[in-house]
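Engineer: next input, structure requested:
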Amino acid sequence: MTSSGRVISLVAWREIRERLRSPAFLWSTVIMLVIVGGSSALPQVLETKTTYHVAVLAPAPRGLENALQRTTEPFGANVRLQVVGSAATGREQLAAKEVDALLLLREDRIVFRADVDPQLAAAADTAVGALRGHLPPAPELTTTTLERTGSETSEDAEALVAMLGAALLLGSLAVYGQWVLAGVVEEKSNRVVELILSTVQPRDLLVGKVIGIGLLGLTQLALIVGLAASLLAAGVYDAPTSLGRSVALVVPWFALGYALYAVAYAAAGALAAQQQDANSAGQPVTYTLLAAFFVGYAALTANADSAIAHLLTVFPLTAPLVLPARSALVGVPLWEHALALVLVLGSIYLIVRLASGVYAQGLLHAGSRLPIRAAWRLRQES
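Structural biologist: Numbers count the residues shown, from 1 in each chain. I've put the predicted structure just below:
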């Protein structure tokens, strides 16, 4: 390992040790894991007894309602049977959401509106089979729907995952970026940084601090996203299991987005004179991050396959927020993944080079807040 690499490693481990000693980091991790894990049990906790309204063509077999009630009782549901005069009437009531299913016993079918309810379908099949026990054997009930597919449900789930993923990235980048900002300002206000810079190059200090805090943030986020993806793949959430791949994209793009914005937060922190100035110093970075999120959100909700959506997918400032969300909505071609990666990595390299000079001048500046233009001018003169 080179001397510079060793210094960066030491600075990174120093940041990790400092943050791990903080109860706030440990408790925030535990709380977020409990929230994600507990959300899977919340529907069962809040669930009330379901009442199924089932239509059946007249004349209804004697004892059908009681038989349906017995077969749905194990999973805590009630059944209300409604006799209709024709299949057309039953379909109209089903389409109008007046009933949950239509039994066509002559055709050995049970019809649902859009998505098949497997519990009700199984209960109806068992109940009808019990009533026909004294009759010649009959085939099992087949299930059909008025609408051909449940694509709307899938699209809604994809949109929800996309927006939640983007919001999670936004919050994570802002939180961990503020950690970097606060750490820089604290060292500067305590004059500790003057001792550090006597043996460490400003660029190595900047990179080490960003990497150390970023590794902790990435670990925390990976635990949360990993748990959510595992629950999704296990079918705990009512969503397509393929969305797990889109959720997993949040982790690597968090790392890239964090590297891009955290360096800017570090440079902003170096310009602040004291802790009270930290928030105002970091506002330009925060506003840029918020603008990237809202522009991306507007583009994706309007048309996720538009030209502006394609552009925002590869533009470095918006790619970390837009690419995972757009991937969940409509998919992203492999070449766009590659182009976005190259552009973001190139931007990270450039911003590290540009920000390290501002960072160095800002750290050593005493007194009032140092304007960025003045820091840049001092860098050019040094």
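
Engineer: count of residues packed around Gln82?
Structural biologist: Using other C-beta atoms under 10 Å, Gln82 is surrounded by 15 other residues. Any C-beta I mention is one placed from the backbone N, CA and C, and that applies to glycine too.

Engineer: quick check: chain neighbours aside, which residue is closest to it?
Structural biologist: Ala55 (4.9 Å; C-beta to C-beta, 6 or more residues apart in numbering).

Engineer: what about the helices in the stretch 151-300 of the chain?
Structural biologist: 151-189, 192-197, 202-233, 243-248, 250-271, 278-302 (DSSP state H, counting those that start in this stretch).

Engineer: now the ones you listed as JSON lines including distance to Ala101, mean pLDDT and mean neighbour count?
Structural biologist: Below are the helices of the stretch 151-300 of the chain laid out as JSON lines (distance: least, C-beta to C-beta, whole Å; pLDDT from 0 to 100; neighbours: other C-beta atoms under 10 Å):
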{"stretch": "helix 151-189", "distance to Ala101": "17", "mean pLDDT": "69", "mean neighbour count": "19"}
{"stretch": "helix 192-197", "distance to Ala101": "70", "mean pLDDT": "66", "mean neighbour count": "14"}
{"stretch": "helix 202-233", "distance to Ala101": "28", "mean pLDDT": "78", "mean neighbour count": "20"}
{"stretch": "helix 243-248", "distance to Ala101": "28", "mean pLDDT": "62", "mean neighbour count": "20"}
{"stretch": "helix 250-271", "distance to Ala101": "38", "mean pLDDT": "80", "mean neighbour count": "25"}
{"stretch": "helix 278-302", "distance to Ala101": "34", "mean pLDDT": "85", "mean neighbour count": "18"}
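
Engineer: can you put the ones you listed in CSV and add distance to Thr29?
Structural biologist: Listed next are those as CSV, based on distance: least, C-beta to C-beta, whole Å:
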stretch, distance to Thr29
helix 151-189, 12
helix 192-197, 27
helix 202-233, 5
helix 243-248, 18
helix 250-271, 15
helix 278-302, 22
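
Engineer: next, Asn78: secondary structure please.
Structural biologist: What DSSP: H, G, I helix; E, B strand; the rest coil gives for Asn78 is strand.

Engineer: test my guess that it contacts Thr72.
Structural biologist: Yes - Asn78 is within contact range of Thr72, at 7.1 Å (criterion: C-beta atoms under 8 Å).

Engineer: any residues in contact with both of the two?
Structural biologist: Tyr52 (C-beta atoms under 8 Å, 6 or more residues apart in numbering).

Engineer: list the buried residues for the helix or strand where the residue nearest to Gln82 lies?
Structural biologist: Per DSSP states H and E, Ala55 falls inside strand 50-57. Across strand 50-57, burial judged by 16 or more other C-beta atoms under 10 Å covers Tyr52, His53, Val54, Ala55, Val56, Leu57.

Engineer: returning to that earlier point: quick one: closest of the helices of the stretch 151-300 of the chain to Arg326.
Structural biologist: helix 278-302 (6.0 Å; C-beta to C-beta).

Engineer: and the closest one with helix 250-271, angle?
Structural biologist: Interaxial angle, helix 278-302 versus helix 250-271 (axes from the mean of the first three to the mean of the last three C-alpha atoms, to 10 degrees): 150 degrees.

Engineer: downstream of helix 278-302, the next helix or strand is which one?
Structural biologist: Heading C-terminal from helix 278-302, the first helix or strand you meet, by DSSP H and E, is helix 307-314.

Engineer: now that next one: mean pLDDT?
Structural biologist: Mean per-residue pLDDT for helix 307-314: 93.

Engineer: again, but for stretch 56-74
Structural biologist: pLDDT averaged over stretch 56-74 gives 83.

Engineer: centre of the chain to it, how far?
Structural biologist: How far stretch 56-74 lies from its chain's middle: 43 Å, per C-alpha atoms, centre = their mean, to the nearest Å.

Engineer: try stretch 64-81
Structural biologist: 38 Å.

Engineer: the chain should start at 79 in everything you say after this.
Structural biologist: Let's use 79 as the start, then, which means that last one is stretch 142-159.

Engineer: end-to-end on it?
Structural biologist: 8 Å (C-alpha to C-alpha, to the nearest Å).

Engineer: what's next to it, contact-wise?
Structural biologist: Applying C-beta under 8 Å, 6+ apart, the set of residues contacting stretch 142-159 is 127-134, 138, 197-198, 200-202, 204-206, 208-209.

Engineer: now do 10 Å
Structural biologist: 125-134, 138-139, 141, 160-161, 177-179, 181, 183, 195, 197-198, 200-209 (C-beta atoms under 10 Å, 6 or more residues apart in numbering).

Engineer: what's opposite the residue nearest to Thr223 when sequence neighbours are not counted in the beta bridge?
Structural biologist: Nearest residue to Thr223 in three dimensions, chain neighbours excluded: Phe190, at 4.9 Å (C-beta to C-beta, 6+ apart). Here Phe190 sits in beta bridges with Ala179, Thr223, as judged by DSSP bridges.

Engineer: which parts of the stretch 79-228 of the chain are helices?
Structural biologist: Using DSSP H, counting those that start in this stretch, helices in the stretch 79-228 of the chain cover 81-98, 101-124, 142-150, 165-173, 196-209.

Engineer: report the inter-axis angle for the third one versus strand 128-135.
Structural biologist: Direction vectors for helix 142-150 and strand 128-135, defined by the same axes, to 10 degrees, enclose an angle of 140 degrees.

Engineer: since that was my last question, I'll sign off now.
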